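*Asks:* requesting a structural model of the entry that follows:
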Amino acid sequence: MSTAAKIEVGSISDRGLSEKRPLNEDSYLVDAARGIFVVADGVGGAEAGEVASQTAVDVLNDAFKHKVGDGDDVEDLMELAIQRANSSIHQMAQDNSRFSMMATTVVALHLDGHRATIGHVGDSRLYRVTPDGRLHRETDDHSIVEEEVRAGRMTPEQAANHPSKNVISRALGAEDSVEADMKVIEVEDGSAFLLCTDGITRHLTDNELRELLTSDGTPAQLCEEMKRRCYQRGAEDNLTAVVVQVG
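*Replies:* Next comes the predicted model:
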């Protein structure tokens, strides 16, 4: 059994400043006792996005409620839960015209001692900062422009200014099945994780996130500072961040 590392967590979720987004359609889960953290960014407007993101969070929460044992089953458990959330959201969208366009991103982190399991769909991100202060983006955005960049057809600069930079190419609930990106990594004491929606990353660069995550603030203070900077820059979208410090 892996030794438990001490975990400290902070979180923020806010609707931002845009008149176009009167509701906060983001949802998140923080459960340090069970080591499960989830962030989801719903789309579909007028309650639907909120329903989609909350469903993703609820299904993952339920999946880890009764997790016993240890080892490789965590990755399977998480992947199955993401698939189950996809089916639920897709079914609700089929059954109810009010929800017909709804979908959500999801990014999930499970920590068991020094083993981290990560799963995601969409453009909500997970970053890891190592004790030596380096920032690693552990997720690849499932977005139209990022896929063009990875294929070498667009530069990162072009992508950053592209009119469809916020269009996601994969989401939970959009189709009857979805492929989640999964990975398991070893975590050193003194590492930190950030799970966040694109409401954060549209206003804060990776470099700025690295500076923040390696500063002296508590996770709660870091989340407040991210919100403050997003607000300073117009907070064009709902914004959600969860910061987890290990050891």
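*Asks:* so where is this protein shaky, pLDDT-wise?
*Replies:* Scanning the chain for pLDDT under 70 picks out the ranges 1-4, 46, 67-72.
*Asks:* biggest helix in it by residues?
*Replies:* The single longest helix within the chain, with elements called by DSSP state H, is helix 73-95.
*Asks:* strands of the chain, start to end?
*Replies:* Using DSSP state E, the strands of the chain run over 7-14, 26-31, 36-43, 103-104, 106-112, 115-121, 125-129, 135-137, 181-186, 192-196, 239-246.
*Asks:* direction included, what does the last one pair up with?
*Replies:* According to DSSP bridges, strand 239-246 forms sheet pairs with strand 7-14 (antiparallel), strand 192-196 (antiparallel).
*Asks:* what's the closest of those to residue 179?
*Replies:* Comparing the strands paired with strand 239-246 against residue 179 with CB to CB, the closest turns out to be strand 192-196 (19.7 Å). Placement of C-beta: from N, CA and C, glycine included.
*Asks:* quick revisit: can you tell me which of the strands paired with strand 239-246 is most buried?
*Replies:* Mean neighbour counts were compared across the strands paired with strand 239-246 using mean count of other CB atoms under 10 Å; the top stretch is strand 192-196, at a mean of 27.
*Asks:* what lies in contact with that one?
*Replies:* Contacts to strand 192-196, defined as CB atoms under 8 Å, 6 or more residues apart in numbering, come from residues 28, 37-39, 107-109, 116, 124-129, 209, 213, 219, 226, 239-246.
*Asks:* repeat that with 7 Å
*Replies:* Residues from elsewhere that reach strand 192-196 (CB atoms under 7 Å, 6 or more residues apart in numbering): 37, 39, 107, 109, 124-129, 209, 213, 240-246.
*Asks:* cool, stretch 121-129 as well?
*Replies:* Residues external to stretch 121-129 that are found in contact with it (CB under 7 Å, 6+ apart): 39-41, 82, 105-107, 109, 118, 120, 135-139, 141-143, 168, 170-172, 178, 180, 191-198, 201, 209-210, 213-214.
*Asks:* now list the buried members of those residues.
*Replies:* 39-41, 82, 105-107, 109, 118, 120, 135, 138-139, 141-143, 168, 170-172, 178, 180, 191-198, 201, 209-210, 213 (16 or more other CB atoms under 10 Å).
*Asks:* center of this protein, which residue is that?
*Replies:* The chain has residue 107 as the residue nearest its centroid, 3.4 Å off, counting by CA atoms, centre = their mean.
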